[in-house]
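Asker: Build the 3D model from these lines:
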Amino acid sequence: MRRRTGLAMAGVATLAWGEWLNWRWSRILVGNGEGAAEAVVVLGFRNPQATANVINRWRVRAGIRSIGADSARGTRVIFSGGATSGGASEAQLMADYAKSVLGFDGAVLLEEESATTWENITNVIPLLDGVDRIKIVSQPAHALKARAYLRRQRPDLAEKLVRADDYRPGEWMIVKPLFAAYGLWALRGRKLKADERKISP
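Answerer: Predicted coordinates:
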C-alpha cells in the first residue's frame, strides 16, 4: 500500500514539475506589447511524411489560437521550416493543414529554407517588418530558445515579443515531463544567459 501511494505521489510530482517548467518557460523574454500589427511565427518540427505530423498540427492550432482578437485583421501568420526529406517543406505542410483542415483564411507567409532554430529566426526577420507584436509558437522550451535567438540577433525586434497561446494548463500533461526533460537539456546545451532565464515582469 505504501509503495503504491509513494509511486502515485511521485507520478503527481513529476506531472506537476513538467507543468511548472513549461509554464515558466512560456513567460520568459516576453513583454506586454501594443499595436494592431501582429506576427505569429509558427516553428516547424521535422516532418518526413507528406502531411503535417501530430507535433506540427498542434503547433498550427496553437498558432491560430494565438492570434489576438483585437488584431486578427492585422495579423500575419508565418510558418517557418524547410524540407526534411526532399518533399514539401515543414512550412508548406503546416500552411496546408491550417487552410484545408482548420479553414484558416488569414494572411500567411512561408519561410521554407530553415534547418535549425537559429536559421528559423534569421530567415523570418525580413518578414517581421512593420509589426508591433511578435509571438513565437512552439513547445515552450523551444519557443523560449527562439525568443533568445531573436534577442541576440535583433534586440530591437525582441522588444516586441509577447506571449503566444502555446501553453495551457493540462494540455499535453502526460508528456509534459518529457518535454521538460528535453527542454532542460536543449536550453543548457545552448547556454542561455542568466538574463534569458528570468520570468518577464
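
Asker: so how far is stretch 186-201 off the chain centroid?
Answerer: Between the centre of stretch 186-201 and the centre of its chain there are 16 Å (C-alpha atoms, centre = their mean, to the nearest Å).

Asker: and the gap between Asn120 and Arg152?
Answerer: Distance of Asn120 to Arg152, computed by C-beta to C-beta, to the nearest Å: 13 Å. For the C-beta atoms, the positions are set from N, CA and C on the backbone; glycine is no exception.

Asker: which stretches of the protein form helices?
Answerer: Per DSSP state H, the chain carries helices over the ranges 2-25, 54-65, 90-96, 117-124, 140-153, 155-158, 176-189.

Asker: any idea which of those helices is most buried?
Answerer: Highest mean neighbour count of these: helix 90-96, a mean of 24 (counted as mean count of other C-beta atoms under 10 Å).

Asker: Which strands or helices does it pack on?
Answerer: helix 54-65, strand 75-80, strand 107-111 (3 or more C-beta pairs under 8 Å, 6 or more residues apart in numbering; DSSP states H and E).

Asker: And these: which comes nearest Ala180?
Answerer: With C-beta to C-beta as the measure, helix 54-65 is the member of the helices and strands packed on helix 90-96 nearest Ala180 (15.8 Å).

Asker: ok, Arg46 - how many residues close by?
Answerer: When neighbours are counted by other C-beta atoms under 10 Å, Arg46 registers 13.

Asker: One more: the one 3 residues further on?
Answerer: Other residues near Gln49 come to 11 when the count uses other C-beta under 10 Å.

Asker: Give me the distance between it and Ile125.
Answerer: Using C-beta to C-beta, we find Gln49 at a distance of 29 Å from Ile125.

Asker: Give me the distance between the residue nearest in space to the middle of the chain and Glu34.
Answerer: Centroid-nearest residue in the chain, with C-alpha atoms, centre = their mean: Ser138, separated by 1.9 Å. Plainly put, Ser138 is 24 Å away from Glu34 if you go by C-beta to C-beta.

Asker: Then Asp195?
Answerer: From Asp195 to Glu34 the distance is 23 Å (C-beta to C-beta).

Asker: same thing with Phe79?
Answerer: 25 Å.

Asker: Next: His142.
Answerer: Using C-beta to C-beta, His142 is found at 26 Å from Glu34.

Asker: so which of the helices of the chain gets nearest Arg133?
Answerer: Of all the helices of the chain, helix 155-158 comes closest under C-beta to C-beta, at 10.7 Å.

Asker: For the closest one, name the packing helices and strands.
Answerer: Applying 3+ C-beta pairs under 8 Å, 6+ apart, we find helix 155-158 packed against helix 140-153.

Asker: Need the contact partners of the helix it packs on.
Answerer: For helix 140-153, contacts defined as C-beta atoms under 8 Å, 6 or more residues apart in numbering pick out 21-23, 25-26, 28-30, 41, 43, 117-118, 120-122, 125, 134, 136-138, 157-158, 161, 164, 166-167, 179-180, 182-184, 186-187, 190, 192-193, 196.
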